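Visitor: got a predicted structure here, sequence first:
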Amino acid sequence: MFEISREENDHVLLSGRLDASQVAKLKSVLDTVTQSCVVDFKTLEYISSAGLGVLLATQKRLRDSGYGLKLVNLNKHIRNIFAVAGFDFIFDIE
Amino acid sequence: MEREFNRNLAALNEVFLFVDEFIAAAGLKEDAAFSVRLAVEELFTNLVRHNCGGRDHITIELERDAGQLVIRLKDFDVEPFDITKASPVDVRQSLEERRIGGLGIHLVRSIVDKLTYEYENRTLCVTAKKKLEGKDV
């Protein structure tokens, strides 16, 4: 089960398991983000390459306009996956 | 443990239930559990997306054997498709240079010790093996 909620204009909260069957939910919200935004992973347990692809596409689109995503509260497994994917070089991760 | 799943992404929920059943039976701790979930999802979705025109199901086998985990997916009546030959991903590329996609097999390679492909009698078989360490069980 994956859930996504937009707490404020610049804050998105992810929860649960983000697998390939759920990734359209993430895309539908992030496609509406037009400036810098915090994506909070506090209650996200799992992510796979499908979710990483949507985050990468969003970061590319925002960076073209001088904005970007800030990713916060990643658990150690997700942080490790981001490092393996080289995402620690292209995202602001806190 | 072995089970058949429909060849579509909607089957992922059932796939994860099966994987969690295996994780509990094998007594895996969270580090190894995360790796098994990720490896199974990436291999399964890769076969679904490539869709080699096979039967409507894919078989997943999970086994804990002599200090290692064995993850095996079989796709029947299909054309050859060696997912272990996927192009390597240059994770040092800048944001502008990075392309979308292609990360799945890269992630699998990083979390397992061995990834092999076999093809015989129109059956495709992908096997991932991961050694278990003290922290995993």
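Guide: Perfect, thanks for sending it.
Visitor: strand partners (parallel or antiparallel) of the strand or helix carrying B:E4?
Guide: Using DSSP states H and E, B:E4 sits within strand B:2-6. With DSSP bridges as the test, strand B:2-6 is paired with strand B:57-65 (antiparallel).
Visitor: how far away from the center of its chain is the partner strand?
Guide: 9 Å (Cα atoms, centre = their mean, to the nearest Å).
Visitor: and if you look at stretch A:51-64?
Guide: Counting by Cα atoms, centre = their mean, stretch A:51-64 comes out at 9 Å from the chain centroid.
Visitor: hmm, who's touching that stretch?
Guide: If you take Cβ atoms under 8 Å, 6 or more residues apart in numbering or on different chains as the criterion, stretch A:51-64 is touched by A:18-19, A:23, A:26-27, A:30-31, A:33-37, A:39, A:68-69, A:71, A:81-82, A:85, A:87, A:90-91, B:95-96, B:98, B:100-101, B:103. C-beta coordinates here come from the backbone N, C-alpha and C atoms, glycine included.
Visitor: write a ChimeraX command that selects only the buried members of those.
Guide: Selection of buried members from the contacts of stretch A:51-64 for ChimeraX, criterion 16 or more other Cβ atoms under 10 Å in any protein chain shown:
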select /A:18,19,23,26,27,30,33,37,39,68,69,71,81,82,85,87,90,91 /B:98,103
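Visitor: A:S28 should be in a helix, yeah?
Guide: Yes - looking at A:S28 with DSSP: H, G, I helix; E, B strand; the rest coil, it is inside a helix.
Visitor: contacts (any at all) between chain A and the longest helix along chain B?
Guide: Ranked by residue count and defined by DSSP state H, the top helix of chain B is helix B:30-50. Yes - Helix B:30-50 lies within reach of chain A by Cβ under 8 Å from any Cβ of the partner chain, at B:E30, B:D31, B:F34, B:R37, B:L38, B:E41, B:E42, B:T45.
Visitor: ok, back up a step: cross the contacts of stretch A:51-64 against helices and list the overlap.
Guide: Among the contacts of stretch A:51-64, the members found in helices (DSSP H) are A:V23, A:L26, A:K27, A:L30, A:I81, A:F82, B:L103.
Visitor: if I pick the third one, what's in contact with it?
Guide: Taking Cβ under 8 Å, 6+ apart, we find A:K27 in contact with A:V54.
Visitor: for chain B, what's its nearest residue on chain A.
Guide: Residue of chain A nearest chain B, by Cβ to the nearest Cβ: A:G86 (2.6 Å).
Visitor: what about that residue, how many neighbours?
Guide: For A:G86, the neighbour count with other Cβ atoms under 10 Å in any protein chain shown is 17.
Visitor: ok, now how distant is it from A:V72?
Guide: Separation of A:G86 from A:V72 (Cβ to Cβ, to the nearest Å): 19 Å.
Visitor: check A:A83 too.
Guide: Plainly put, A:A83 is 16 Å away from A:V72 if you go by Cβ to Cβ.
Visitor: same thing with B:T127?
Guide: Relative to A:V72, B:T127 is positioned 37 Å away (criterion: Cβ to Cβ).
Visitor: then B:E41?
Guide: B:E41 sits at a distance of 24 Å from A:V72 (criterion: Cβ to Cβ).
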